[in-house]
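Visitor: A predicted structure for the sequence below; I have some questions about it.
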Amino acid sequence: MAQTKTSTQRKRSNPGSQAGGVRRVAVIGGNRIPFARSNTVYSKISNQELLTAALRGLVDRFGLQGQRLGEVVAGAVIKHSRDFNLTREAVLSSGLAPETPAYDIQQACGTGLEAAILVANKIALGQIECGIAGGTDTTSDAPIGVGEGLREILLDLNRAKTNAERLKILGRFRPSHLVPTIPENGEPRTGMSMGDHCQVTAHEWAIPRDEQDQLAYESHQKLAAAYGEGFFEDLMTPLAGQEVDNILRPDTTLEKLASLKPCFDRENGTMTAANSTALTDGASCVLLASEEWAKKNGLEVQAYLSFSEVAAVDFVEKKEGLLMAPAYAVPRLLERAGLTLQDFDFYEIHEAFAAQVLSTLKAWEDPAFCKERLGLEAPLGSIDRSKMNVKGSSLATGHPFAATGGRIIATLAKLLEQNGGGRGLISICAAGGQGVTAILER
Ligand SMILES: CC(=O)CC(=O)SCCNC(=O)CCNC(=O)[C@H](O)C(C)(C)COP(=O)(O)OP(=O)(O)OC[C@H]1O[C@@H](n2cnc3c(N)ncnc32)[C@H](O)[C@@H]1OP(=O)(O)O
C-alpha cells in the first residue's frame with residue numbers, strides 16, 4: 001500500500017520527469033459535436049450538456065470509461081451563475097471515473113487552446129500523465145441577469161422574516177426593474193462589439209471586401225470537401241440529430257456574398273454576416289497525454305504540442321487592433337521555437353472574421369509594422385495560403401467561442417497524422433486584446 005511506503009521506497013511513477021526536464025506532450029485525438037447556428041438545433045440544450053456530449057464521445061472513442069485521468073480543463077465564455085464548475089459537472093456525466101479532477105477556465109475565444117496549454121504543461125512537467133482540454137459555448141442559452149434594483153429587492157426578500165417585511169420590500173418594486181441585463185458581445189472598456197473593433201482594423205489595413213468574401217467562400221468550400229471525404233468521421237459525435245455543422249453553406253456563391261449588406265459600419269463597412277462568424281452553439285475536447293501513458297494504453301500519437309505563446313495588446317491607450325494580439329504572439333513563438341513563419345506545413349488561423357485573418361497576414365508582411373511594433377529587422381513575410389485552414393475554419397463551421405480551440409487542435413493533429421509528419425501553427429484571437437498561439441508537430 002502506498003501509505004505504508006516511505007518516500008525513498010516508493011517507485012518513481014514518472015521517470016521521464018527529471019528535475020528541470022520536460023516531456024513531450026502527445027495529442028491523442030479530439031472530438032466535437034457538430035456546431036450549430038444559435039437558436040437552432042441546440043436552443044434548448046445547456047452548455048453543460050453540450051460539453052458532456054463532446055466529452056462522452058471522446059471517452060467512448062478512446063476507451064476511457066471508468067478511467068481516472070490527471071485532470072479535465074475546459075470552460076465557456078458565457079456562463080450562467082449556476083455553473084460554478086461546469087467542467088466538473090460534465091465529467092461526472094461523461095463516463096470517466098468520478099475521481100477525475102476538473103475545473104473551468106476562461107480566456108475568451110482562446111479558452112479551448114489555453115486549456116490545452118494548461119494540461120500540456122502539467123504533462124510536460126510530469127505532474128499528470130494525461131488530461132482532457134475543452135470548451136463549450138451557447139449563445140442560445142445566454143444568461144439573462146436582472147438589474148441592480150431588482151437584485152437588491154430579491155436579496156432583501158430572501159432575508160425577510162415576516163410577511164409584513166416582505167410586503168414592505170415588494171412596495172419598492174417598479175416596472176422599470178424588469179429591464180433585463182443581457183450579455184453583450186462587446187468590450188467593456190470601449191463599448192464596441194468584436195465586429196466593430198475588427199471593422200476599424202479592416203479599414204486601417206485597407207482589407208478589400210472581395211478578399212474577405214473570397215476567404216469566406218473558400219472556407220465553406222474546404223469544409224464541404226472535408227465532409228465529403230469523411231475527414232470528420234472520427235472527430236465528431238452527432239447530437240440532437242445534427243450530423244454536420246449547420247452553418248456550412250456548400251452552395252453559396254461569390255455573387256451572393258457580394259450582395260450582402262455591411263453589418264457593422266453600415267455606411268462604409270466591408271464586413272457582412274458571411275465574412276463574419278455567426279453566433280454559434282457547440283463544444284469540443286481533446287485528449288493529451290505523455291508518450292508513456294499513450295503506449296501503456298495502446299493509443300496512437302497523432303501529434304505533439306510543442307510550443308505556445310500568449311500575447312496581449314493595448315487596445316485602450318495605444319489603440320492597437322483588438323483582435324491583433326496573434327500578430328505579436330506568433331513572432332515570439334517563432335523565436336523561441338527557432339523557426340520562421342514559412343517553416344510550417346499547415347496554418348490554422350481562427351477565422352473570427354475574414355478581415356481579422358487578412359489584417360494579421362498583412363501585418364506580418366508589412367516592413368513598418370514588423371520593425372516598429374514587433375521590433376524585427378525584416379518582415380515575417382507571407383505564408384503559402386494553400387496551407388491555411390485546409391479543412392475550412394470558423395466562417396464555415398461557426399465559432400462557439402470556447403470550443404474553437406479544441407476544434408482546431410483536433411483538426412490539425414489529424415492533418416499531421418494523415419500527412420505522416422510536419423508542423424502546424426495555431427493562431428486564435430481573443431476578446432480583451434489577447435491572442436493564444438501554439439505549434440503542433442509530428
Ligand atoms: C470573442 C473572442 O474572444 C474573439 C473572437 O473570435 S471575435 C468573434 C466573436 N464572434 C462574434 O463577434 C459574432 C459576430 N457575428 C454576429 O454578431 C452576427 O452573426 C452578425 C451581426 C455578423 C450577423 O448577424 P445576422 O444579421 O443575424 O446574420 P444572418 O441573419 O444570419 O445573415 C444575414 C443575411 O446574410 C445571409 N448569409 C449569411 N451568411 C451567408 C453565406 N455564407 N452565404 C450566403 N448568405 C449568407 C443570410 O442568409 C441572411 O440573409 P437574409 O437576410 O436574406 O435572410
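Guide: Nice, thanks for sending it over.

Visitor: hmm, who's touching stretch 292-299?
Guide: 14, 16, 26, 28, 62-63, 129-130, 287, 289, 300-301 (C-beta atoms under 8 Å, 6 or more residues apart in numbering). Any C-beta I mention is one placed from the backbone N, CA and C, and that applies to glycine too.

Visitor: between those, which sits nearest Glu71?
Guide: Minimum separation from Glu71 among the contacts of stretch 292-299 (C-beta to C-beta) is found for Cys130, which lies at 9.0 Å.

Visitor: spatially nearest residue to that closest one, not counting backbone neighbours?
Guide: The spatially closest residue to Cys130, leaving aside those adjacent along the chain, is Ala289, at 3.8 Å (C-beta to C-beta, 6 or more residues apart in numbering).

Visitor: quick check, the one you found in a strand?
Guide: Yes: assessed with DSSP: H, G, I helix; E, B strand; the rest coil, Ala289 lies in a strand.

Visitor: bridge partners for it, pull those for me.
Guide: Ala26, Cys130 (DSSP bridges).

Visitor: how far away is it from Leu69?
Guide: 9 Å (C-beta to C-beta, to the nearest Å).

Visitor: now do the shared contacts for these two.
Guide: Residues touching both Ala289 and Leu69 by C-beta under 8 Å, 6+ apart: 130-131.

Visitor: output the contacting helices and strands for the biggest helix by length in the chain.
Guide: In the chain, assigned by DSSP state H, the helix with the most residues is helix 209-228. For helix 209-228, the contact count by 3 or more C-beta pairs under 8 Å, 6 or more residues apart in numbering; DSSP states H and E identifies helix 254-259, helix 354-365, helix 394-397 as packing neighbours.

Visitor: between these, which one is closest to Ala97.
Guide: Evaluated with C-beta to C-beta, the helices and strands packed on helix 209-228 place helix 394-397 nearest to Ala97, the distance being 31.6 Å.

Visitor: just checking, next helix/strand downstream of that closest one?
Guide: Reading on from helix 394-397 to the C-terminus, the next helix or strand found by DSSP states H and E is helix 404-419.

Visitor: okay, that next one in CSV with CA atoms only?
Guide: Output in CSV follows, covering the C-alpha atoms of helix 404-419 (Å, rounded to 0.1, in the frame of the first residue of the first chain):
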residue,chain,number,x,y,z
THR,A,404,-13.0,26.7,-31.3
GLY,A,405,-9.6,25.8,-29.8
GLY,A,406,-10.5,22.1,-29.4
ARG,A,407,-11.9,22.0,-33.0
ILE,A,408,-8.6,23.4,-34.3
ILE,A,409,-6.3,21.2,-32.3
ALA,A,410,-8.2,18.1,-33.3
THR,A,411,-8.3,19.1,-37.0
LEU,A,412,-4.6,19.9,-37.1
ALA,A,413,-3.4,16.8,-35.2
LYS,A,414,-5.3,14.7,-37.7
LEU,A,415,-3.9,16.6,-40.6
LEU,A,416,-0.3,16.0,-39.3
GLU,A,417,-1.1,12.3,-38.8
GLN,A,418,-2.5,12.0,-42.3
ASN,A,419,0.5,13.9,-43.7
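
Visitor: tilt between that helix and helix 209-228?
Guide: Relative orientation of helix 404-419 and helix 209-228, computed by axes from the mean of the first three to the mean of the last three C-alpha atoms, to 10 degrees: 60 degrees.

Visitor: what angle do the helix or strand hosting Ala133 and helix 404-419 make?
Guide: Element membership of Ala133 [criterion: DSSP H and E] is strand 130-137. Comparing the axes of strand 130-137 and helix 404-419 via the same axes, to 10 degrees yields an angle of 130 degrees.

Visitor: helix or strand right after strand 130-137?
Guide: strand 145-146.

Visitor: run the chain-centre distance for that next one.
Guide: Relative to the chain's own centre, strand 145-146 is displaced by 27 Å; criterion: C-alpha atoms, centre = their mean, to the nearest Å.

Visitor: ok, that strand: who's next to it in the sheet?
Guide: Taking DSSP bridges as the criterion, strand 145-146 pairs within the sheet with strand 180-181 (antiparallel).

Visitor: mind checking how far the partner strand is from the chain centre?
Guide: The offset between the C-alpha centroid of strand 180-181 and the centroid of the whole chain comes to 27 Å, using C-alpha atoms, centre = their mean.

Visitor: and stretch 58-76, by the same measure?
Guide: The answer for stretch 58-76 is 18 Å, by C-alpha atoms, centre = their mean.

Visitor: does that stretch come close to the ligand?
Guide: No: judged by C-beta under 6 Å from any ligand atom, stretch 58-76 makes no contact with the ligand; its nearest approach is 11.9 Å.

Visitor: same check on stretch 356-370?
Guide: No: judged by C-beta under 6 Å from any ligand atom, stretch 356-370 stays clear of the ligand, getting no closer than 7.2 Å.

Visitor: and that stretch, C-alpha only, in CSV?
Guide: Backbone C-alpha positions of stretch 356-370 (Å, rounded to 0.1, in the frame of the first residue of the first chain) are rendered in CSV as follows:
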residue,chain,number,x,y,z
GLN,A,356,-9.1,39.7,-38.8
VAL,A,357,-7.2,36.9,-40.7
LEU,A,358,-6.3,39.1,-43.6
SER,A,359,-5.2,42.0,-41.3
THR,A,360,-2.9,39.7,-39.4
LEU,A,361,-1.4,38.2,-42.6
LYS,A,362,-0.8,41.7,-43.9
ALA,A,363,0.8,42.9,-40.7
TRP,A,364,3.3,40.0,-40.9
GLU,A,365,4.2,41.1,-44.4
ASP,A,366,4.5,44.8,-43.6
PRO,A,367,8.1,46.1,-43.0
ALA,A,368,6.9,49.1,-41.0
PHE,A,369,4.7,47.1,-38.6
CYS,A,370,7.3,44.4,-38.2
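
Visitor: avg pLDDT for that stretch?
Guide: Taken as a whole, stretch 356-370 has a mean pLDDT of 98.

Visitor: what about Ala206, how many residues nearby?
Guide: Other residues near Ala206 come to 9 when the count uses other C-beta atoms under 10 Å.

Visitor: any idea whether Tyr429 is helix, strand or coil?
Guide: You called it Tyr, but residue 429 is Cys. In terms of secondary structure, Cys429 is strand; the call rests on three-state DSSP.

Visitor: element containing the nearest residue to it once chain neighbours are set aside, please.
Guide: Counting by C-beta to C-beta, 6+ apart, Cys429 lies nearest to Leu323, which is 4.0 Å off, once chain neighbours are set aside. In the assignment (DSSP H and E), Leu323 maps to no helix and no strand.

Visitor: next one, pLDDT for Leu323 please.
Guide: You'll see Leu323 listed with a pLDDT of 98.

Visitor: ok, now which ones touch it?
Guide: By C-beta under 8 Å, 6+ apart, Leu323 lies in contact with 194, 197-198, 201, 352-353, 356, 359, 429-430, 433, 435.
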